[in-house]
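Student: Could you look at this predicted model? Sequence included:
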Amino acid sequence: MSTLWKDLLHRYPPAAIEFFVNSTIQLVCFWLVSAIYIFLPYFSPAFSARHKLQKQEKQPTAAEIWECFLVVFRNQVLSSSAQLGTILLGAKSSHRFDVILPGPAEVARDAILCIFLREIIFYYVHRLLHHPFLYPIVHKPHHRFTAPVALAAQYATVTEHILANILPFALPPQILKCHVITFWVFLVFSLLETTTVHSGYDFFSGSARMHDLHHEKFVVCFGSVGLMDWLHKTDGKSGEGRRLQVKMQ
Ligand SMILES: [Zn+2]
Ligand SMILES: [Zn+2]
């Protein structure tokens, strides 16, 4: 592994390696996993129906899923083009590309810290996007899918894509100065998590149910792993969550 890593660093610039690996991870952990979730009702209708969180009549139509695909594709083309543009302009990667690979303990520690920081950043950005001034112009389109599907994880305006989909993933590894290998582990986890919580299925218990509830009720469960919702009592179970729900009705 370390010989392969040394060889890669010897042959290619770090920014090019990062672009190639990031794109591959997006392709597998976002697009392929989303496709599996979306086509599940066609491959295994009984299994799919057993695990869907919301009723069949609330599920999006094929035309809506196609529109979702086009918006998500546009967002990814824009972000990948921006990354490619900075590489062509000679920008260096912002992650550590040390020849010595980090050990499993360092990767685990930094990935957990990244998840913790992402939860804080995402929670406050997401709550800000629900401000009455910002919500209609920035975040409302993401809430179009009251019964979400995996692809809807990145169904967003360009502003929301930058603020809520890119920054909470990109900032933590840079703040912690993580090795790029740790960043990739964090990226894999984050993409698998965001597609799963938007999948509309009850797999991996609580987290999918929480974000599904956010799409259904709008004013509860703003975070991704539940920590900040627990802290601010916006988990839908506590007083503040119930008060917000009543206010919305
Ligand atoms: Zn969502
Ligand atoms: Zn929201």
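Tutor: Structure's in. What do you need? Ligands and ions are numbered 1, 2, ... in the order given.
Student: Ala15 and Leu89 touch, don't they?
Tutor: No. Using CB atoms under 8 Å, Ala15 makes no contact with Leu89, being 10.1 Å away. C-beta: built from backbone N, CA, C; applies to glycine.
Student: and those two? which has more neighbours close in?
Tutor: Ala15 (20 against 7; other CB atoms under 10 Å).
Student: contacting residues for the more buried one?
Tutor: Thr86, Ile87, Ala91, Lys92, Ser93 (CB atoms under 8 Å, 6 or more residues apart in numbering).
Student: Okay, Leu32 and Ile25: tell me how far apart.
Tutor: Distance check for Leu32 against Ile25: by CB to CB, to the nearest Å, it reads 11 Å.
Student: Likewise for Phe218?
Tutor: With the distance defined as CB to CB, Phe218 ends up 31 Å from Ile25.
Student: Phe19 too?
Tutor: Taken as CB to CB, the span from Phe19 to Ile25 is 11 Å.
Student: helix or strand for the residue at minimal distance from the centre of the chain, which one?
Tutor: By CA atoms, centre = their mean, the chain has its centre lying nearest to Thr194, at 4.0 Å. Thr194 is part of helix 180-198 when elements are defined by DSSP states H and E.
Student: what are the C-alpha coordinates of that helix, in PDB please?
Tutor: This file holds the C-alpha atoms of helix 180-198, laid out as PDB (Å, rounded to 0.1, in the frame of the first residue of the first chain):
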ATOM      1  CA  VAL A 180      -5.800  13.100   2.300                       C
ATOM      2  CA  ILE A 181      -6.400   9.400   3.000                       C
ATOM      3  CA  THR A 182      -8.500  10.400   6.100                       C
ATOM      4  CA  PHE A 183     -10.300  12.900   4.000                       C
ATOM      5  CA  TRP A 184     -11.300  10.100   1.500                       C
ATOM      6  CA  VAL A 185     -12.500   7.900   4.400                       C
ATOM      7  CA  PHE A 186     -14.600  10.800   5.700                       C
ATOM      8  CA  LEU A 187     -15.900  11.500   2.100                       C
ATOM      9  CA  VAL A 188     -16.900   7.900   1.700                       C
ATOM     10  CA  PHE A 189     -18.700   7.800   5.000                       C
ATOM     11  CA  SER A 190     -20.400  11.200   4.400                       C
ATOM     12  CA  LEU A 191     -21.700  10.300   0.900                       C
ATOM     13  CA  LEU A 192     -23.000   6.800   2.100                       C
ATOM     14  CA  GLU A 193     -24.700   8.600   5.000                       C
ATOM     15  CA  THR A 194     -26.300  11.400   3.000                       C
ATOM     16  CA  THR A 195     -27.700   9.000   0.300                       C
ATOM     17  CA  THR A 196     -29.000   6.600   3.000                       C
ATOM     18  CA  VAL A 197     -30.700   9.400   5.100                       C
ATOM     19  CA  HIS A 198     -32.400  10.600   1.900                       C
END
